[in-house]
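Turn this into a structure:
(chains A and B)
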Number of protein chains: 2
Amino acid sequence: MHVLRVNVREQQAQREPVPVSWQHLGGRGLIARVLVDEVPGECHPLGPRNKLIFAPGLLVGHRLSSCDRISIGGKSPLTGGVKESNAGGRTGYHLASLGIKALILEDRPTQEGWWVLHVGPDGVRFDPGDDLAGLGVYAVAPALLERYGDQVAIALIGPGGEMGLASAGIQNIDKDRTPSRISARGGLGAVMGSKGIKAIVIEEGQQPPIARPEAWKAARKAYHRSLLAHPQTKIYADFGTAAMTNMCNSFGGLPTRNFSRGQFEQAERISGEAMRELILARDGEGETTHACMAGCSIRCSNVFPDATGKAVVSPVEYETIGLMGSNLEIDSLDTIARMNWEVNDLGLDTIEVGAALGVAAEAGVMAFGDGERALDLLREIREGTPLGRVLGQGAAVTGRVLGVERVPAVKGQAISAYDPRAIKGTGVTYATSPQGADHTAGLTIRAPIDHLDPAGQVEVSRKAQISMAGYDTLGACIFAGFGFAAAPETIRDLLNARYGWEVGPDILAQLGRETLRLEREFNRRAGFTPADDRLPEWMTRTPLPPHDTVFDVSPVEMDHIFDEL
Amino acid sequence: MHVLRVNVREQQAQREPVPVSWQHLGGRGLIARVLVDEVPGECHPLGPRNKLIFAPGLLVGHRLSSCDRISIGGKSPLTGGVKESNAGGRTGYHLASLGIKALILEDRPTQEGWWVLHVGPDGVRFDPGDDLAGLGVYAVAPALLERYGDQVAIALIGPGGEMGLASAGIQNIDKDRTPSRISARGGLGAVMGSKGIKAIVIEEGQQPPIARPEAWKAARKAYHRSLLAHPQTKIYADFGTAAMTNMCNSFGGLPTRNFSRGQFEQAERISGEAMRELILARDGEGETTHACMAGCSIRCSNVFPDATGKAVVSPVEYETIGLMGSNLEIDSLDTIARMNWEVNDLGLDTIEVGAALGVAAEAGVMAFGDGERALDLLREIREGTPLGRVLGQGAAVTGRVLGVERVPAVKGQAISAYDPRAIKGTGVTYATSPQGADHTAGLTIRAPIDHLDPAGQVEVSRKAQISMAGYDTLGACIFAGFGFAAAPETIRDLLNARYGWEVGPDILAQLGRETLRLEREFNRRAGFTPADDRLPEWMTRTPLPPHDTVFDVSPVEMDHIFDEL
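Numbering: from 1, shown residues only, chains lettered A, B, ... in the order given. This next block holds a predicted model:
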């Protein structure tokens, strides 16, 4: 494995050996390490001193189920702090297959223009990409596949990233070549745009070597067995993440009408169950279950068809349903799917944009429930109108500009589809994660705890955050956790077999703790303090129906959450 | 003296004795003390936990020349940190004459609606003010003078404050009843708006008692003599602050074309000298010199007339000329005066709005030099269009939304009309002042130092910041400093005579140091760190013509500027 460093100003690349302190890390942990080692905390996120880092997780490259994820990171234009955003698709696998432990884009071009970075076994090439400028990802991906052949991986930005919008992510093509696996959060698409890179095309190499093949086979088998045995695996295959809609609604934590209520009267209409029925009834190109990475046995993705059976978008996820459905009081899966396509094509984060639309609706810019108006507003983003640019900068800027206090955001990043007043442990995660509000940083909804009781939530969140930071360092999907949690020794066994290490059974927590330590150190240098580890003040004051609870976990307790990292 | 506490939710007021640790403070120092004692650092600036504080300085209430200023403060919606913004006019004198050491507005109304707070010798009254909603300050002030008689003082907000814009200030009427003495910076008008108060009307009471009348008379005489003897006093009477235009242009530090150059080819046309000639030539209602407070012997204000001699606006100040003139490449004093009137009427800060327009021009929203387009954009602010609201939120939000890197701001507050790459000591002040970028926090342009040399600037800025924090605590105008600097013992003598104290000759520095300590403590609680004490990164990288210098004062040196407060 090596580090591939690409200077986008000089258009030159360099292969380097992996520094010793980076070798035991991958994915999210490695990104934090690179940021602490190389990026000044105070730098401008879109300036020449920020870096854009692609790091496959430690287990990536072997078609382990749900373990080929790519972590992308840098200093976030949305939060101003550390940012790692991981996704499925091909990118992680292809990079690992070329022996690349980290691809680091550095500096900034001095001239305007767009480039396609081609990464192959023989090195790196900058190909002209001006003809792709302004195009959405659904147009660019096929053009690149035509140009480079359909075996490549592609990571690319849409118009949102080109425009420097802080809600812009980086899309990765999935195993079926659809550019829909987005490293969505925190504005990394804008960082890629600031580097003048429209797309990165990555050839496929060889699977990385296994130090102890027999041990690997055994561990792999044990992990897959454990994963398949988990009851949730079947649920996600049937309903995808949208299974959460009814669950979260029943908990009273489904964001509704810009986070003013926790239950949506029409929740049933936008539930995973309703979506499954609709897909099955419409036949055609729709799929109720679909894998984003080769070898995945969970297959939580789907393909959503229109009334004629033609595919509209893939996948429709719970977070999109929560933020662009109930949060806007839009109760039509067809409308949500059309909005999803638009936002995907722009290369934006549906969570951030959905939350921004909710804030805009509260300001009277659109009526709640008016999907056509919401689609108009998405077109304003594409056109770059002042209002469109405001929305594209995310919920916090939208609230600031439009004078709305009820903004669901922490560290400038929108809260996802679990209202923290109803699921308080996740609220602790939103508040204290170095990433800003992010459910994947440590979701607690499955913890056996009274989610309305403020007591004990800090501990539950702490454990979840450490585990998730560990999984994100492995390159494991959040759902791989079902398998690993039931057979934790397989993590140790897989790592030892893959690398010839002798790590112990607490390696997941070790990696998670180290990652969080590094992330907090970067944020400290970037100017973060405990004052940033807070939910919005209004959530501590305004009760959420139906439980009429506020977020009342003690700030002092939250300040000590990571004392023992 | 007493503290007057007004709860705007319950519409109730309470007189309280002055706490012991507040008694030796006034103005800016007292505001910092109240914030540290009573306002949580993390609170939302427009939420119920923020307070809006009016505190006359320690010397206010006796018509001492240039010493009747009102300090207004709270947590800033623009910077998120401590904010004090002082102004001339009647407000300070009237509050002191009623024995009010601090007027503190607390909480937030639960219902919509606008109120006029009437403060008299017999207490406080909430009068309906809905009929004034949406009106500019030039319409509201006469209406209130009609209603309450023309002997009152008035502090009021314009549409900008009602809209919650972070560039909104609080206008105070001057001795001639014009609402033009604005506590401009940091968005305090939005805080007042969040409290539902359109205007505060203050009756006049009695001059506060003097502990040692003979000593007071002697000290007063010595101070006035020293002030009148200073050569700058005559210059400010002749040219107003606009005298700075040519001076700053000759230093290569006049903001031009959104801070991309330090000299403006047409500077002569918008200079203080040109303005004086124009006013004298046009005759009519124009005045080259004018006092904002009764008893002021500097009279730096002016009244700018149009070609027919009719008054357009009062005053036209250097900062407005720099930010709305050269910074936008607008070379017509008539256009600048019209823009000034619009921004005043909206109740906004000309520095912040001028800087925002400069950023917008860089983004292509207007052409540099196009005054009519700039006036159109000011109308968009009044209409509350999305673009107008963006501009009204200030330069930093404008840059964020429009994707412009060249944003002149520190801690979210726009840099005023001294480019810090040409006047580096003032750059240190911009970077390290707890207030955000603010020339009145410690201007160094008159220091006998090479302004282009990074060495020694931290020390110069430190001294200037301590002095200014002291003057702002006295209620003394920045120009009173000419008199006090030449006869520093008069500060001690005035305070001892006024209050019967026995303070020593270093009282100005003592007050300044205590003020800065308190302000830094509030900012610490609000989440500020050394990472916030920086100029924009591009200013350390992009040279400023004509000297082609960058801002290169050592960040490490700046981090230690207040080690010995």
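
make it CA atoms for all contacts and neighbour counts henceforth
OK.

quick one: least confident helix or strand in chain A?
helix A:231-239 (a mean of 87; mean pLDDT, DSSP states H and E).

in that one, what's buried?
Along helix A:231-239, these residues count as buried under the neighbour rule (16 or more other Cα atoms under 10 Å in any protein chain shown): A:233-239.

what residues does that helix touch?
A:227, A:243, A:272-273, A:275-276, A:288-290, A:297-301, A:479, A:482 (Cα atoms under 8 Å, 6 or more residues apart in numbering or on different chains).

for the stretch 401-550 of chain A, which spans come out with low pLDDT?
Residues of the stretch 401-550 of chain A meeting the criterion pLDDT under 70: none.

Close to chain B: what parts of it are there?
Counting by Cα under 8 Å from any Cα of the partner chain, the stretch 401-550 of chain A comes close to chain B at A:401-403, A:525-532, A:537.

Which of those residues fall within helices?
Judged by DSSP state H, those include A:401-402, A:525 as members of helices.

from the chain's centre, how far out does the least confident helix or strand of chain A sit?
Put simply, helix A:231-239 sits 20 Å off its chain's centre (Cα atoms, centre = their mean, to the nearest Å).

could you point out which element follows that helix?
Elements were assigned by DSSP states H and E; along the chain past helix A:231-239, the next helix or strand is helix A:244-250.

report the angle between the axes of the helix or strand that that following helix is followed by and helix A:231-239?
Per DSSP H and E, the first helix or strand lying C-terminal to helix A:244-250 is helix A:272-282. With axes from the mean of the first three to the mean of the last three Cα atoms, to 10 degrees applied, the angle from helix A:272-282 to helix A:231-239 works out at 40 degrees.

Now tell me what touches helix A:272-282 from outside.
A:238-246, A:268, A:286-288, A:304-309, A:333.

So what touches the following helix or strand past it?
Next along the chain after helix A:272-282, taking DSSP H and E as the criterion, comes strand A:287-290. Strand A:287-290 is contacted from outside by A:237-240, A:276, A:279-280, A:299-304, using Cα under 8 Å, 6+ apart.

same thing but 10 Å
Under the contact criterion Cα atoms under 10 Å, 6 or more residues apart in numbering or on different chains, strand A:287-290 has outside partners A:175-176, A:236-240, A:272, A:275-280, A:296-305, A:311, A:314-315.

Which parts of the stretch 251-400 of chain A are strands?
A:287-290, A:301-305, A:311-313 (DSSP state E, counting those that start in this stretch).

what does the last one contact?
Contacting residues not belonging to strand A:311-313 are listed as A:178, A:180, A:279, A:284-287, A:302-306, A:334, A:336-342, A:344-345 [Cα under 10 Å, 6+ apart].

Give the pairing partners of that strand; include direction for each.
Strands that pair with strand A:311-313, judged by DSSP bridges, come out as strand A:301-305 (antiparallel).

can you dump the C-alpha coordinates of the strand it pairs with into PDB?
Output of strand A:301-305 as PDB, limited to C-alpha atoms (Å, rounded to 0.1, in the frame of the first residue of the first chain):
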ATOM      1  CA  SER A 301     -30.800  -0.100  -1.500                       C
ATOM      2  CA  ASN A 302     -33.700   0.000  -3.900                       C
ATOM      3  CA  VAL A 303     -34.800   1.300  -7.300                       C
ATOM      4  CA  PHE A 304     -37.900   3.500  -7.200                       C
ATOM      5  CA  PRO A 305     -40.100   3.400 -10.300                       C
END
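
now it, how far from the chain's geometric center?
Using Cα atoms, centre = their mean, the offset of strand A:301-305 from its chain centre is 19 Å.

For the spatially closest residue to A:Glu489 that is not a sequence neighbour, grab phi and psi.
Spatially, and ignoring its direct neighbours in sequence, A:Glu489 is nearest to A:Pro505 (5.9 Å; Cα to Cα, 6 or more residues apart in numbering or on different chains). Dihedral pair for A:Pro505: phi -70, psi -10, per degrees, to the nearest 10.

A:Phe484 is in contact with A:Pro505, correct?
No - using Cα atoms under 10 Å, A:Pro505 makes no contact with A:Phe484, being 11.7 Å away.

does the helix or strand harbouring A:Lys198 come close to chain B?
Secondary structure assigned from DSSP H and E places A:Lys198 in strand A:197-202. No - Strand A:197-202 lies out of reach of chain B by Cα under 10 Å from any Cα of the partner chain, never closer than 17.0 Å.

Dump the C-alpha coordinates for that strand into PDB.
Provided in PDB are the C-alpha atoms of strand A:197-202 (Å, rounded to 0.1, in the frame of the first residue of the first chain):
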ATOM      1  CA  ILE A 197     -11.600  18.400 -10.200                       C
ATOM      2  CA  LYS A 198     -15.000  17.400 -11.700                       C
ATOM      3  CA  ALA A 199     -14.400  13.700 -11.500                       C
ATOM      4  CA  ILE A 200     -11.900  11.100 -10.400                       C
ATOM      5  CA  VAL A 201     -11.800   7.900 -12.600                       C
ATOM      6  CA  ILE A 202     -10.200   4.900 -11.000                       C
END
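
other SSEs contacting it?
helix A:91-97, strand A:115-120, strand A:123-128, helix A:137-148, strand A:153-156, helix A:159-162, strand A:170-173, helix A:188-194 (3 or more Cα pairs under 10 Å, 6 or more residues apart in numbering or on different chains; DSSP states H and E).

Please repeat the previous calculation with a cut-off of 7 Å.
strand A:115-120, strand A:153-156 (3 or more Cα pairs under 7 Å, 6 or more residues apart in numbering or on different chains; DSSP states H and E).

Tabulate the ones you listed in a markdown table, adding columns for distance to B:Leu144.
Shown next, in a markdown table, are the helices and strands packed on strand A:197-202 (distance: least, Cα to Cα, whole Å):
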| stretch | distance to B:Leu144 |
| --- | --- |
| strand A:115-120 | 62 |
| strand A:153-156 | 60 |
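
Distance to A:Gly412, mean neighbour count and mean pLDDT for those strands - can I get that in CSV?
Output for the helices and strands packed on strand A:197-202, formatted as CSV (distance: least, Cα to Cα, whole Å; neighbours: other Cα atoms under 10 Å in any protein chain shown; pLDDT from 0 to 100):
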stretch, distance to A:Gly412, mean neighbour count, mean pLDDT
strand A:115-120, 30, 21, 98
strand A:153-156, 24, 28, 98
